[in-house]
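[1] Compute the structure for the input listed below.
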Amino acid sequence: MEESKIKALINLLDDPDNIVFNMVEKELLKENDDIIPELEKKWESSFEESNQARIENIIQQLQFKETIKRVKLWLNRSEEERSLLNIFCHIDRLQYPDLNPLQIQTKIEKLHKTIWLEFKSSLTLLERITILNHFLFNINGFAINLNNPYSPQNCFINQIIETRKGNPFSMSIFYTIIARHLELPAQLVDFPKNPLVAIVDSNLARKAHGEALQSDVLFYINPSNKGAITSRKEIEYHLKRGKYLPLHEYSEPKPDALFIKRLLESIRKAYLEVGYPEKEEKVMSLINLFEKNEELPL
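    This next block holds a predicted model:
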């Protein structure tokens with residue numbers, strides 16, 4: 001729509017007639033978030049609280065429409081083309097629609113460079129992970145937020161970077177992003193209650209126990225426990241003890257999309273805990289996108 005027509009429609013938002021407003025709202029919601037600056041100007045010049053509330057609602061709907069668009073584009077890419085950092089930033093838009101992903105990228109790069117300088121070519125994968133864990137958990141103090149475990153703030157990457165606190169899902173995804181920036185072969189594992197990060201030798205594969213084809217997981221990392229490192233044998237012991245079968249469902253790497261869905265589920269639970277049902281509905285819309293994506297044939 002032409003800019004002059006958009007401005008004319010926005011000026012009609014002051015009309016007290018609900019029929020006129022509904023018509024204007026319907027037309028404006030056909031546009032993308034490029035019109036938000038004009039809506040914000042209208043909000044600033046409006047002195048009626050009811051009109052401001054109407055404008056705020058339209059802005060929020062346009063912002064969420066953009067979030068849906070970005071998530072769909074991410075899901076439509078191949079597994080190799082999907083950036084875990086990008087989708088984490090898209091999810092942040094639920095709470096922080098004005099988030100600048102470049103600022104997050106800059107902070108990630110700064111952390112990456114600090115750790116990278118400690119890496120030497122002669123170091124083994126295990127030694128590199130030990131250095132990574134030292135910088136994240138000992139020097140920078142990243143940890144699970146035990147004092148306020150159900151806070152929605154635990155779920156968003158900008159808050160993890162700012163407060164150094166997260167929940168098991170957000171922290172595991174954040175850890176994987178940093179590890180991959182350091183060119184470490186990190187994959188997420190859907191271990192019960194909290195995801196693990198597997199360091200995998202992707203060049204090798206083997207059959208185990210005559211069951212499914214396994215990737216060669218060298219060892220596992222638990223970001224919820226300061227990066228504690230453990231073996232496949234120990235992981236399988238805990239799974240058998242808890243009667244989590246089949247073992248490969250909980251010990252083998254899974255697609256990143258599954259863990260973004262798990263993150264969204266934790267956001268939904270957090271919003272319900274703090275009493276934001278209207279936000280919970282938006283999260284459910286995103287969860288549905290991931291569930292539909294899981295149903296698509298490979």
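
[2] what residue ranges in the stretch 51-200 of the chain score low on pLDDT?
    For the stretch 51-200 of the chain, no stretch is flagged by pLDDT under 70.

[3] Let me see the ranges of the strands in it.
    Per DSSP state E, counting those that start in this stretch, the stretch 51-200 of the chain carries strands over the ranges 143-144, 165-166, 186-189, 196-207.

[4] can you give me the helices in the stretch 1-150 of the chain?
    Assigned by DSSP state H, counting those that start in this stretch, the stretch 1-150 of the chain shows helices spanning 3-11, 18-28, 36-45, 49-75, 84-92, 101-116, 125-133.

[5] highest average neighbour count across those helices?
    Across these, averaging neighbours per residue (mean count of other Cβ atoms under 10 Å) puts helix 84-92 on top, at a mean of 21. All C-beta atoms are positioned from the backbone trio N, CA, C, and that covers glycine.

[6] Need the residues that contact it.
    67, 70-71, 74, 99, 101, 104-105, 108, 155-158, 173-174, 176-177, 180, 256, 260, 263-264, 267, 286 (Cβ atoms under 8 Å, 6 or more residues apart in numbering).

[7] switch the cut-off to 6 Å
    With contact meaning Cβ atoms under 6 Å, 6 or more residues apart in numbering, helix 84-92 is reached by 70-71, 74, 99, 101, 104, 156-158, 177, 256, 260.

[8] Ends of stretch 248-258, what's the gap?
    Stretch 248-258 has an end-to-end distance of 15 Å (criterion: Cα to Cα, to the nearest Å).

[9] ok so, going back, and residue 61, which of the strands of the stretch 51-200 of the chain is closest to it?
    Of all the strands of the stretch 51-200 of the chain, strand 165-166 sits nearest to residue 61, with 28.6 Å by Cβ to Cβ.
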